[in-house]
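In: Predicted model follows, preceded by the sequence.
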There are 2 protein chains.
Amino acid sequence: MSTAERLIESTRELLWERGYTGTSPRAIQQRAGAGQGSMYHHFSGKPELALAAMRRSAEQLRADAEAWLGGPGGAAERITGYLLSEREVLRGCPVGRMAQDPEVVGDPGMSETVDGAFRWLRGRLEEVLEEGRRGGEFPAGLDASGTAAVIAAVLQGGYVLARAAGSAEPFERAVGGVLDLLGIPSAAVAA
Amino acid sequence: MSTAERLIESTRELLWERGYTGTSPRAIQQRAGAGQGSMYHHFSGKPELALAAMRRSAEQLRADAEAWLGGPGGAAERITGYLLSEREVLRGCPVGRMAQDPEVVGDPGMSETVDGAFRWLRGRLEEVLEEGRRGGEFPAGLDASGTAAVIAAVLQGGYVLARAAGSAEPFERAVGGVLDLLGIPSAAVAA
DNA sequence: GTCTATAGGATGATAGAC
DNA sequence: GTCTATCATCCTATAGAC
């Protein structure tokens, strides 16, 4: 892997673990096995490197979701698959994590990257929900847009509650609960 | 207000805005109008001060929730009131914010404070949901525990999505969506 | 491309005077 | 109780040699 690649990947991990403010160029260099000069040769500084790392995390979120939402099967089945797909719950969401930091939210590029990922996710969920509604898998009166927001929020909030608890239990219970409210028997599905 | 009071309140605000890592003793002192010596006279250091501030935020969360959940009216009405109560959505949740920081999660006292607030909230929501289920306000088959987790997660996730978007819209849509899934006409209620 | 040297400021305290 | 002085370390670069 190239030095630039290792720097981006190290930044991605550190942002995930410690957030933007808690991630120093020094720590990035050490994890990447690169010197100061090397880092500043490839990137103008911490903000540019962080943006590259966040773009990668946002792309990953999208790919992970699309693997289920765009896969085979009915709408309910695909949404269930996505909700129950394997996650490192206690690490939190690498994208949602960024939304807490004022330096990230205050930067147009980073902010747009994070928000863009969530806008896409909500839109994609809404499409699948609408497809299921039209196909009779969900009630005819289903509010696809509101329900998509609920699902995205349950995932993000589930991460928060799980980290607070030091256990994946709140995440899993919230995911099970939302499937229940959608009328999908959560016991009847496999990840 | 006493100096110790001002220090705690300043810490509370700074933790809310910038998180634990992003909050320095120096910034706390300046906001509180206190000197270094004064701060270290009243508190042993940043961790002790932060713990006092977090306990206060956790207590506030509890009081805000109980004002609605323990108020008059039916179960659905009280839960709706809590969900639609006025919030500074874009500031995020002062308690949920803390769950992201590894230094907070790694400290037994702080971690227990944050988790305790969410455990209490979920338990309280479950009680009210169960009350409503027995009273016929909700379906007899309602999973009160799972639904309580959904509601807590929607609030926390709503904050995350709203901060990412720079707008309260995702929060409001998720809250409206969950009321809809609960069979409560969200248009029929007032904050 | 990568290295070392250097820098001004912040961080999180401690010591001791008042 | 509050103040100032001091401290070792980290932060985020920049400069210039190799």
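Out: Arrived safely.
In: and A:R87, helix, strand or coil?
Out: Secondary structure state of A:R87, per DSSP: H, G, I helix; E, B strand; the rest coil, is coil.
In: Around it, how many other residues sit close by?
Out: By the criterion of other CB atoms under 10 Å in any protein chain shown, A:R87 has 19 neighbours. C-betas here are computed from N, CA, C, even on glycine.
In: Report the secondary structure state of A:A153.
Out: helix.
In: could you measure it against A:G141, distance?
Out: Relative to A:G141, A:A153 is positioned 21 Å away (CB to CB, to the nearest Å).
In: now do A:P170
Out: Per CB to CB, A:P170 is found 29 Å from A:G141.
In: Same check on A:G158?
Out: Taking CB to CB, one finds A:G158 at 26 Å from A:G141.
In: Looking at those two, which is more packed in?
Out: Looking at A:G158 and A:G141 with other CB under 10 Å, you find the greater number of neighbours at A:G158, namely 32 against 7.
In: so where's chain A shaky on pLDDT?
Out: Residues of chain A that meet the criterion pLDDT under 70 lie in A:187-191.
In: Could I get the buried residue list for stretch A:125-137?
Out: A:125-126, A:128-130, A:132-133, A:137 (16 or more other CB atoms under 10 Å in any protein chain shown).
In: Could you list which of these belong to helices?
Out: The helices, defined by DSSP state H, take in A:125-126, A:128-130, A:132-133 from these.
In: Just give me the closest of those to DNA strand C.
Out: Nearest to DNA strand C out of those is A:L125 (CB to the nearest atom of the strand; 39.1 Å).
In: Please report the distance of that closest one from A:L84.
Out: Using CB to CB, one obtains 15 Å as the distance from A:L125 to A:L84.
In: Residue of chain A closest to DNA strand C, please.
Out: Closest to DNA strand C within chain A is A:G37: 1.6 Å, counting by CB to the nearest atom of the strand.
In: For that residue, pull up the helix or strand it's in.
Out: helix A:36-42 (DSSP states H and E).
In: quick one: is that helix near DNA strand D?
Out: Yes. Interface with DNA strand D: helix A:36-42 contributes A:36-37, A:40 (CB under 7 Å from any atom of the strand).
In: buried set for stretch A:52-61?
Out: So stretch A:52-61, judged by 16+ other CB under 10 Å, has buried residues A:52-58, A:61.
In: out of the residues you listed, what pair is the most spread apart?
Out: Across those, the longest distance by CB to CB is 15.5 Å; it joins A:A52 and A:L61.
In: Can you name the residues that contact A:L155?
Out: Neighbour list for A:L155: A:83, A:93, A:175, B:153, B:157 [criterion: CB atoms under 8 Å, 6 or more residues apart in numbering or on different chains].
In: Over to the third one. Which of the three states is it?
Out: Spelled out, that is A:V175. With three-state DSSP as the basis, A:V175 sits in helix.
In: Could you pull up the residues touching the nearest residue to it once chain neighbours are set aside?
Out: Spatial nearest neighbour of A:V175, excluding adjacent residues (CB to CB, 6 or more residues apart in numbering or on different chains): A:L83 at 5.0 Å. Contacts of A:L83 were listed using CB under 8 Å, 6+ apart, and they are A:151, A:155, A:175, A:178-179.
In: Repeat the analysis, applying 10 Å as the threshold.
Out: A:68, A:151, A:154-155, A:158, A:172, A:174-176, A:178-179, A:182, A:184, A:186, A:189, A:191 (CB atoms under 10 Å, 6 or more residues apart in numbering or on different chains).
In: One more: A:A99?
Out: Residues near A:A99 by CB under 10 Å, 6+ apart: A:93, A:105, A:110-111, A:114-115, A:118, A:156, B:92, B:100, B:159-166.
In: Now the buried members of these.
Out: Buried, going by 16+ other CB under 10 Å: A:93, A:105, A:110-111, A:114-115, A:118, A:156, B:92, B:100, B:159-165, out of these.
In: Which members of the residues you listed occur in strands, if any?
Out: Using DSSP state E, no member of these falls in strands.
In: coming back round to it: distance to B:S24 and secondary structure added to the buried residues of stretch A:52-61, as a markdown table?
Out: Output for those, formatted as a markdown table (distance: CB to CB, whole Å; DSSP: H, G, I helix; E, B strand; the rest coil):
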| residue | distance to B:S24 | secondary structure |
| --- | --- | --- |
| A:A52 | 28 | helix |
| A:A53 | 25 | helix |
| A:M54 | 25 | helix |
| A:R55 | 30 | helix |
| A:R56 | 30 | helix |
| A:S57 | 27 | helix |
| A:A58 | 30 | helix |
| A:L61 | 32 | helix |
